[in-house]
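Q: predicted model and sequence below, questions to follow.
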Amino acid sequence: MEPLVSVVIPTYCRPQLVKRAVMSALAQTLKDIEVIVVIDGPQPETRTALSEIDDSRLRLIELPTNQGSRVARNTGISAASAKWLAFLDDDDEWMPKKLEMQLETARLSQFKLPIISCYLKAQTPQGDSIWPRRVPKISEPLSEYLFVRKTLFQGEGIIQSSTIFTAKELLEKVPFSIAIQRHDDWDWILRAVSVEGVGVEFVPEVLSIWYVGDARPTLSSSKNWQFSLDWIREKRSLVTSRAYSSFILAEVSARAARTGDWKAFFFLLWEAIRFGKPQLMDIFLCLGMWLIPTEKRTWLRLLLTKKPKSVSHEQTPPKESGYESVGV
């Protein structure tokens with residue numbers, strides 16, 4: 001008998017973290033599931049860690065070589081046997097009722113191929129935040145929900161990979177692109193919502209824990225802003241002019257500002273004006289990124305938005321190498 005939900009967890013060189021992720025998936029109140037861990041290349045330590053879990057619902061697939069998280073996810077999608085599929089990053093974990101609540105929402109959805117997300121706890125060594133701070137408004141273009149900042153701080157509109165629950169049918173129609181280096185989730189969801197019958201809905205509960213802010217290198221901290229610029233240029237037909245300019249002045253500029261090259265500032269400002277519809281908030285945020293050091297911006301954001309650090313079992317994870325963190 002087929003399970004109700006297939007969980008896909010790609011992993012690379014994080015044996016203890018992926019074990020924690022798997023345990024949170026197997027602890028779901030929805031028991032009729034399968035958990036597929038795609039090990040991205042030979043990793044004896046990961047196999048050893050997962051062999052300690054005695055549960056017939058756990059399946060391991062080991063790729064012959066390291067091919068990246070996008071290939072690992074697509075491999076898991078192909079191997080999944082359930083109608084519904086959920087992703088879990090190897091360094092995140094879920095609340096026990098996540099799959100149960102998302103499955104119920106999906107079954108009641110008005111959309112033929114719904115994408116169900118939820119609120120998450122963004123946990124850092126400095127404190128916790130609940131994201132997103134709002135859900136999409138009725139008829140709001142998804143690109144504007146994801147990219148347009150109406151407040152000073154991040155986390156306003158977000159759909160992170162470990163919150164995504166959708167139909168396998170949609171993922172077969174729109175697999176993850178293996179041609180890109182970052183922005184996996186944004187790239188997938190922008191293409192997915194262009195398919196007829198697809199819509200995004202949120203479960204109004206905190207159902208996922210996203211560990212951020214440790215010492216591992218992240219894609220979001222990369223100074224390679226040219227890739228992000230090339231990516232949004234390629235996706236311009238999938239985003240509104242407003243979203244295009246916001247992405248340029250926030251996401252791309254955040255990376256460019258780390259280089260300290262002010263020629264990039266003026267170049268990106270002109271790009272946003274020429275092809276987008278920037279607002280004063282976009283320009284204000286962009287200037288802040290160039291004028292205020294990253295450390296001070298982080299301190300200010302935490303001071304004004306953080307949730308006090310919990311004293312529950314959810315602790316900052318040990319530092320392991322692996323996939324660079326990617327958010328939507």
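A: Arrived safely, thanks for sending. Being a predicted model, the structure only gives us computed values, none of them experimental.
Q: with just CA atoms, put the lengthiest strand in the chain into CSV.
A: Criterion DSSP state E: the longest strand present in the chain is strand 198-211. Extracted as CSV, the C-alpha positions of strand 198-211 are listed here (Å, rounded to 0.1, in the frame of the first residue of the first chain):
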residue,chain,number,x,y,z
VAL,A,198,-1.2,25.7,-9.1
GLY,A,199,-1.7,28.0,-6.1
VAL,A,200,0.1,28.7,-2.8
GLU,A,201,-1.6,28.3,0.6
PHE,A,202,-0.3,28.6,4.1
VAL,A,203,-1.0,26.7,7.3
PRO,A,204,-1.2,29.4,10.0
GLU,A,205,1.0,27.5,12.4
VAL,A,206,4.7,27.3,13.2
LEU,A,207,5.5,23.8,11.9
SER,A,208,9.2,23.9,10.9
ILE,A,209,12.5,25.0,12.5
TRP,A,210,15.1,26.6,10.3
TYR,A,211,18.5,26.8,11.8
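Q: pull out the buried positions in it.
A: Neighbour-count burial for strand 198-211, counted by 16 or more other Cβ atoms under 10 Å, picks out 198, 200-203, 207-211. For glycine as for every other residue, the C-beta is placed from the backbone atoms N, C-alpha and C.
Q: elements contacting the helix or strand following it?
A: Using DSSP states H and E, the helix or strand that follows strand 198-211 towards the C-terminus is helix 225-234. Counting contacts by 3 or more Cβ pairs under 8 Å, 6 or more residues apart in numbering; DSSP states H and E, helix 225-234 is packed against helix 241-247, helix 253-257, helix 262-275.
Q: can you tell me which of the buried residues of strand 198-211 is closest to residue 179?
A: Of all the buried residues of strand 198-211, residue 198 has the smallest distance to residue 179: 21.7 Å, by Cβ to Cβ.
Q: so who does the residue nearest to the closest one when sequence neighbours are not counted touch?
A: In space, residue 198 comes closest to residue 113 once its chain neighbours are excluded; the distance is 4.7 Å by Cβ to Cβ, 6 or more residues apart in numbering. If a contact means Cβ atoms under 8 Å, 6 or more residues apart in numbering, then residue 113 has 166-167, 169-170, 195, 197-199 as its contacts.
Q: pull the most distant pair out of these.
A: Across the contacts of residue 113 (Cβ to Cβ), the longest gap, 14.2 Å, separates 169 and 199.
Q: quick one: least confident helix or strand in the chain?
A: In the chain, the helix or strand scored least confidently by mean pLDDT, DSSP states H and E is helix 294-305, which has a mean of 61.
Q: which parts of the stretch 51-200 of the chain are helices?
A: 69-79, 98-107, 142-147, 168-173, 184-192 (DSSP state H, counting those that start in this stretch).
Q: what are the contacting residues of the second one?
A: Pointing back at helix 98-107 there. 4-5, 7, 28-30, 33, 84, 86, 114, 116, 118, 165-167, 201, 203, 205, 207-208.
Q: just the C-alphas of it, formatted as CSV.
A: Taking Å, rounded to 0.1, in the frame of the first residue of the first chain, the C-alpha atoms of helix 98-107 are listed here in CSV:
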residue,chain,number,x,y,z
LYS,A,98,3.4,19.4,10.2
LEU,A,99,2.5,16.8,7.6
GLU,A,100,-0.9,16.1,9.2
MET,A,101,-1.9,19.7,9.0
GLN,A,102,-0.4,20.3,5.5
LEU,A,103,-2.1,17.2,4.1
GLU,A,104,-5.5,18.3,5.4
THR,A,105,-5.0,21.7,3.9
ALA,A,106,-3.9,20.2,0.5
ARG,A,107,-7.0,17.9,0.4
